[in-house]
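*Asks:* Structure for this input, please:
(one chain, ligands or ions: 1)
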Amino acid sequence: MQETMKGKVVVITGATSGIGQVAAEKLAATGARIVQIARDRGRGEAALKRLSECAPGVTHSIHFADLSRLSEMKRAAREIAATEPRIDVLINNAGAMFGSRQVTEDGLELTFALNHMAYSVVTHGLRARLVASAPARVVSTSSDAHRGATLDFDDLQSVRAYRGGLFESLCHGGPGFKVYSRSKLANILFTRELARRLAGTGVTANCFHPGFVATRFGDQSGGLTSFGIRIAKRFALTPEQGAETMVYLASSPEVAGMTGRYFSKCRPLDPTREAQDDAAAHRLWIETAKLAGIAD
Ligand SMILES: NC(=O)c1ccc[n+]([C@@H]2O[C@H](COP(=O)([O-])OP(=O)(O)OC[C@H]3O[C@@H](n4cnc5c(N)ncnc54)[C@H](OP(=O)(O)O)[C@@H]3O)[C@@H](O)[C@H]2O)c1
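*Replies:* Numbering: from 1, shown residues only. Presented below is the predicted three-dimensional model:
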């Protein structure tokens, strides 16, 4: 793998922390130039500094955007499309879980906005660049948390889902987990539909489960959710282990021709039946485009 990323451009979200940070540094160490989208100036600058230490002589770059806001998703993608003549890999990774329902300035539920809409809108904004740079790849971080999840097209903004009662909390880890699981199901459906739409362009789309990883994930979720995750993290993988499949999908020649698949531990794995529902994938794509005000 060492030589494969030399001269390649990798756009990545959520690389100021956790598995995204490790993957960006590993890809940089093998020659890739990293273009980050980050929301926090201090953490972004620190990440940029670490990247230049990994690979002196390569000018990595950063664009600042809060990926829960439609206008910022679109602006970041526009800026990158305008400044990067080629993009070899796009990694959609920024994500989080929220213990209580919050609504963004666009009227979207926050988990849905950050974990699903940002993947779709950033990919939409960079799609022409990816196609022009083919062979290229889109890699999206999903999760085995999708197992047990179903999409509710009448409640995409999770008004009802967050109302879950005691049963919900005891059996499903709380409404925040239920909403998070749906967003990770949405990542797989997005990947399937994207792969279908990109067929024949030379751009592949795959997604993956990193494992349960001790990162900053869950720290900001609030209340019982944060507490539970903090305890569970004692048994979790390291960020280095969690980043392995991301790096593999972004760079390995073994997956050059594979598309529309879900991976775990660097191997393709069948996601749930709900995650293989092509009609739902198509419908989600259309609803997403409408909500984002982009062409479908
Ligand atoms: N950890 C796990 O066990 C696990 C398991 C399955 C899937 N995942 C998925 O893995 C991905 C990465 O999570 P992680 O575990 O590496 O967690 P993490 O350490 O919390 O990293 C999350 C990244 O997303 C960024 N981010 C969060 N909100 C953002 C926003 N509004 N705008 C822009 N960037 C934002 C964070 O930026 P800041 O530095 O500014 O906070 C950070 O770089 C997520 O999609 C998560 O769902 C994680």
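
*Asks:* Can you get me a residue count around whichever residue of the chain sits closest to the ligand?
*Replies:* Closest residue of the chain to the ligand, C-beta to the nearest ligand atom: Gly18 (2.0 Å). C-beta: built from backbone N, CA, C; applies to glycine. Counted with other C-beta atoms under 10 Å, the neighbours of Gly18 add up to 22.

*Asks:* And the strands in the stretch 101-250 of the chain?
*Replies:* For the stretch 101-250 of the chain, the strands defined by DSSP state E, counting those that start in this stretch cover 136-141, 203-209.

*Asks:* Could you check the angle the longest one makes with strand 136-141?
*Replies:* The one in question is strand 203-209. Angle, strand 203-209 to strand 136-141, by axes from the mean of the first three to the mean of the last three C-alpha atoms, to 10 degrees: 20 degrees.

*Asks:* Pull out the buried residues from the helix ranked longest in the chain.
*Replies:* The single longest helix within the chain, with elements called by DSSP state H, is helix 175-197. For helix 175-197, a neighbour-count test (16 or more other C-beta atoms under 10 Å) marks 175-195 as buried.

*Asks:* hmm, back to that, excluding chain neighbours, what is closest to the residue of the chain closest to the ligand?
*Replies:* With sequence-adjacent residues excluded and distances taken as C-beta to C-beta, 6 or more residues apart in numbering, Gly18 is closest to Thr215, at 3.1 Å.

*Asks:* What is the neighbour count of the one you found?
*Replies:* Neighbours around Thr215, by other C-beta under 10 Å: 22.

*Asks:* That one: what's it in contact with?
*Replies:* Counting by C-beta atoms under 8 Å, 6 or more residues apart in numbering, Thr215 makes contact with Ser17, Gly18, Ile19, Pro239, Gly242.

*Asks:* Quick check: residues of the stretch 1-150 of the chain near the ligand?
*Replies:* Applying C-beta under 6 Å from any ligand atom, we find that the stretch 1-150 of the chain lies next to the ligand at 14-20, 39-40, 43, 66-68, 93-96, 114, 141, 143.

*Asks:* For PyMOL, write the select line for the buried members of the residues you listed.
*Replies:* Per 16+ other C-beta under 10 Å, the buried members of those correspond to this PyMOL selection:
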select buried, resi 14+15+16+17+18+19+20+39+66+67+68+93+94+95+96+114+141+143
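
*Asks:* Low-confidence stretches in the protein?
*Replies:* 1-3, 164-173 (pLDDT under 70).

*Asks:* Which stretches in it count as helices?
*Replies:* Under DSSP H, the chain gives helices at 18-29, 41-54, 70-83, 110-111, 118-132, 166-172, 175-197, 223-232, 239-242, 244-251, 278-292.

*Asks:* now the fifth one, how far from the chain's geometric center?
*Replies:* Put plainly, it is helix 118-132. A distance of 13 Å separates the centroid of the chain from that of helix 118-132, by C-alpha atoms, centre = their mean, to the nearest Å.

*Asks:* That one to helix 278-292, inter-axis angle?
*Replies:* 100 degrees.

*Asks:* what's the closest non-adjacent residue to Gln157?
*Replies:* Leaving out its chain neighbours, the residue that sits closest to Gln157 by C-beta to C-beta, 6+ apart is Glu109, at 4.3 Å.

*Asks:* ok, now how distant is the one you found from Leu130?
*Replies:* 28 Å (C-beta to C-beta, to the nearest Å).

*Asks:* so who does Ala289 touch?
*Replies:* Residues in contact with Ala289 (C-beta under 8 Å, 6+ apart) are Ser120, His124, Ala295, Asp296.

*Asks:* change it to 7 Å
*Replies:* Ala295, Asp296 (C-beta atoms under 7 Å, 6 or more residues apart in numbering).
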